[in-house]
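S.K.: Here is my input; please provide its structure:
(chains A and B)
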Amino acid sequence: MTLDATPDLTCTDLTKRFGDVRAVDNVSFTVPAGSFFSILGPSGCGKTTIMRMIAGFLEPTSGDISIKGRSVLNVPPNKRPVNMVFQHLALFPMMNIAENIGYGLRRRGMGKSEITTKVGDALERIGLPDIGTRKVDELSGGQKQRVAIARCMVLEPDVLLLDEPLGALDLKLREHMKVELKALQAAFDTTFVYITHDQSEALVMSDQIAVMNQGVFEQVGTARDLYYRPDTAFVAGFVGEANRWRGAITRIQSGEIEMQTPEGLTLRGTMTGTAPAIGQQADMFLRPEAINLAADTDGLGGAQNVLSGVVTSLLFNGAASRIIVREAQTGADIEVTLPQSGAFASLSKGDGVHLGWQAAQANCFAAGEA
Amino acid sequence: MRDGTRLGFILLLTPLVLWLTLLIFIPHVDMFLVSLRERVGVGQYDTSLANYHTFLTEPLYLWTFLRTAVMSVVATVITLLIAFPVSYYIAKIAKGRLQSTLFLMCLIPFYVSELVRTFGWMILLRETGIVSNLLQWAGLADQPVEMLYNDAAIMIGLVYTSMLFMVVPLVTTLESLDDAVIEAGYDLGGNAWSVTREIVIPHAAPGIVSGSIVVFMLSLGNYLTPTMLGGKDSLWFTELIYSQFIVRFNWELGAAFGFMLLFLSSIIVWGMLKLTGQTLEKTMG
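M.R.: Now for the predicted structure:
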């Protein structure tokens, strides 16, 4: 990475319309050189459309895409300094692994011996030096993955696009490949643009994440920003787990609000964005791990929100174990992460517990958008 | 239970075995025995290879066979060259309704009997036909043009008759090619030519081979088209067989011709498979 400020990829006011549908609506973003940028969103949000426009398979309706400061709008896909790892990898089944990786180099008219060296290097780099003569269908899912990346990386693209390449892998391998992809990105020192609907893939690997919904970017930021300081209700609900309430605002005080749910719960949280007037609806999102659990109210140490209830189910999942508490007053269900200190190891169904959290930990948004 | 499955197996197999033995195996064995007979007198026969000897020593028969084989190969190549872009368009570029409509349009001519279709070509190509009249009307010809009864007319007929049998296997194999693989070919720097050569054609190879075998065999064994469009002098090998059986009433020689056709065409197909590095299992599987 150099200090020159030209970003590897810049999209300006990118718009793509299919008939009346705005698949991508005025999206602008910048990806600095050498970083790992993810676009996270539910299926149908337009993320694949963005990727295909960057790769050159779709023409934007308006807006500009530039790579290393140069617009690539009128450059066909085979001439763009961008390569793509496809969702199902799209390795060439009619070629062996070495021919697959050497394909792009052959297209550039490189000499045979040089191709052999480069392919050998690439195989070495992905840790599979001896598979050159094998066929594509003799490889495991994870190996194919690495070959697909190597096939692009031998061409030394300015930007590597990855279209949900982990989707087809089983859970264990997916967890492993997340770490490996990040390591490969560091090893090749290339800008990666990764699209996914799986938030944990985006959160684990990315330097920057854009959360996309219905054709627009809801928020662009680091994983930490998105998780702890979501800008919109959509981001708060989409990234990570959250308890969610909707209620009428009863009091506003320097960024903090108090609201009342239709069931009669009174909750305090922090408002993001401009607070609506008293009496209007707001949505509150609260992470299950932000809730303190105590056997009696004294154990909550003066939290701004205090509730009590009865454990209705225990969802054991190792470190991510949760309980569902039915609130005594209104019967609302609240998900709470079980502390790993062991203090509540003996908790069982039917036990009474007290819950508490600070207003700063509950994010509130004006209702209506999501 | 075991006996039950065995009975079912035998029952399922019986029609196939009956069909193969009664309609394919027994007639061929009988035909082979006929081809080995030599008539030495009225109602007197000897076993000999005389009929095969006649075939191999009479240049007209050999030339006719060679001509038929070369024309069939050319017809196969032309059919492939026309059918490949058509199939690629149907399988990869056309979407939804257009795709099924185009496919159906390839199929519809085959609802009409081959005889009628060939008559259609005769109406178009004969001296007083539509093409001839059009050329005169346009001033490109000053007298009626006869376009029937030559090799070009036979070729047109053969390609037209065979088109569907090339399009169907090609569309099927091309449809199984993932669009992403083609896109990856472009993405990694390929152009239309190199993607076609390195990705599309290798993928479609089984379809190309099976389509070509079918078209070649159909052309080689075609009787109607060469006779009608090529006239009496078209010298198609099946006409020789026909004339031996029906005109000359020389079943022995006709049977020998039939076996030579089977034998030589199998050798040609085998040679083509070897030449293109394909196997029959790969093609049919």
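
S.K.: so the residue of the stretch 201-350 of chain A found nearest chain B is in which element?
M.R.: Residue nearest to chain B within the stretch 201-350 of chain A: residue A:201 (19.8 Å; C-beta to the nearest C-beta). Glycine gets a C-beta too; all of them are placed from N, C-alpha and C. Residue A:201 belongs to helix A:199-205 when assigned by DSSP states H and E.

S.K.: Let me see the mean pLDDT of the next helix or strand after that helix.
M.R.: Per DSSP H and E, the first helix or strand lying C-terminal to helix A:199-205 is strand A:208-213. Strand A:208-213 comes out with an average pLDDT of 93.

S.K.: Direction included, what does strand A:208-213 pair up with?
M.R.: strand A:36-40 (parallel), strand A:216-221 (antiparallel) (DSSP bridges).

S.K.: Deepest in the core, which of these is it.
M.R.: strand A:36-40 (a mean of 25; mean count of other C-beta atoms under 10 Å in any protein chain shown).

S.K.: Report the distance from stretch B:274-284 to the chain centre.
M.R.: Its chain's C-alpha centre and that of stretch B:274-284 lie 18 Å apart, by C-alpha atoms, centre = their mean, to the nearest Å.

S.K.: So it, near chain A or not?
M.R.: No: using C-beta under 8 Å from any C-beta of the partner chain, stretch B:274-284 never reaches chain A; the gap is at least 12.1 Å.

S.K.: pLDDT averaged over that stretch, what's the number?
M.R.: Stretch B:274-284 comes out at a mean pLDDT of 75.

S.K.: can you list contacts of that stretch?
M.R.: Stretch B:274-284 has contacts (C-beta atoms under 8 Å, 6 or more residues apart in numbering or on different chains) with B:205, B:206, B:209, B:210, B:213, B:273.

S.K.: from those, which is closest to chain A?
M.R.: residue B:205 (8.2 Å).

S.K.: List the residues that contact that closest one.
M.R.: Here residue B:205 is in contact with B:276, B:278 (C-beta under 8 Å, 6+ apart).

S.K.: buried ones in the strand or helix carrying it?
M.R.: Following DSSP H and E, one finds residue B:205 within helix B:201-220. If you call a residue buried by 16 or more other C-beta atoms under 10 Å in any protein chain shown, then helix B:201-220 has these buried ones: B:202-220.

S.K.: and the residue of the stretch 201-350 of chain A closest to chain B, what is it in contact with?
M.R.: Contacts of residue A:201 (C-beta under 8 Å, 6+ apart): A:38, A:166, A:174, A:178, A:194.

S.K.: count of neighbours near residue B:165?
M.R.: 21 (other C-beta atoms under 10 Å in any protein chain shown).

S.K.: pretty sure it is touching residue B:213, no?
M.R.: No: contact criterion C-beta atoms under 8 Å: residue B:165 and residue B:213 do not qualify, at 9.6 Å.

S.K.: what's the nearest residue to residue B:250 if we skip its chain neighbours?
M.R.: Excluding its sequence neighbours, the residue lying closest to residue B:250 (C-beta to C-beta, 6 or more residues apart in numbering or on different chains) is residue B:244, at 4.8 Å.

S.K.: Surely that neighbour is in contact with residue B:261?
M.R.: No: Residue B:244 lies out of contact with residue B:261 (C-beta under 8 Å); the separation is 11.8 Å.

S.K.: can you give me the helices in the stretch 101-250 of chain B?
M.R.: B:114-125, B:130-137, B:151-175, B:179-187, B:192-195, B:201-220, B:224-230, B:237-242 (DSSP state H, counting those that start in this stretch).

S.K.: how far out from the middle of the chain is the shortest one?
M.R.: On the basis of C-alpha atoms, centre = their mean, helix B:192-195 sits 29 Å off its chain's mean C-alpha point.

S.K.: List the buried residues in it.
M.R.: Buried residues in helix B:192-195 (16+ other C-beta under 10 Å): B:194, B:195.

S.K.: That one near chain A at all?
M.R.: Yes: residues of helix B:192-195 contacting chain A under C-beta under 8 Å from any C-beta: residue B:194.

S.K.: Quick one: list the elements packing against that helix.
M.R.: helix B:179-187 (3 or more C-beta pairs under 8 Å, 6 or more residues apart in numbering or on different chains; DSSP states H and E).

S.K.: which helices and strands sit right next to the helix it packs on?
M.R.: strand A:82-85, helix B:192-195.

S.K.: hmm, try it at 10 Å
M.R.: helix A:47-55, strand A:82-85, helix A:97-107, helix A:141-153, helix B:192-195 (3 or more C-beta pairs under 10 Å, 6 or more residues apart in numbering or on different chains; DSSP states H and E).

S.K.: For residue A:118, find the nearest of these.
M.R.: For residue A:118, the closest of those is helix A:97-107, at 6.0 Å, according to C-beta to C-beta.

S.K.: Number of residues surrounding residue 72?
M.R.: Picking chain A for this. 22.

S.K.: looking at chain B here, not the other one
M.R.: Residue B:72, neighbours per other C-beta under 10 Å, totals 24.

S.K.: mind listing what it touches?
M.R.: B:158, B:162, B:215-222, B:236-237, B:265, B:268 (C-beta atoms under 10 Å, 6 or more residues apart in numbering or on different chains).

S.K.: Ok, residue B:156 next?
M.R.: B:75, B:78, B:121, B:124, B:125, B:147, B:225, B:229.

S.K.: could you say which helix or strand contains the first one?
M.R.: Under the assignment given by DSSP H and E, the secondary-structure element containing residue B:75 is helix B:59-88.

S.K.: May I see the buried residues of that helix?
M.R.: Those would be B:61, B:64-65, B:68-69, B:71-73, B:75-76, B:78-80, B:82-84, B:86-88, for helix B:59-88 by 16+ other C-beta under 10 Å.

S.K.: how many other residues sit next to the closest residue in space to residue B:215 that isn't next to it in sequence?
M.R.: The shortest distance from residue B:215 to any residue other than its chain neighbours is 4.2 Å, reached at residue B:162 (C-beta to C-beta, 6+ apart). Other residues near residue B:162 come to 28 when the count uses other C-beta under 10 Å.
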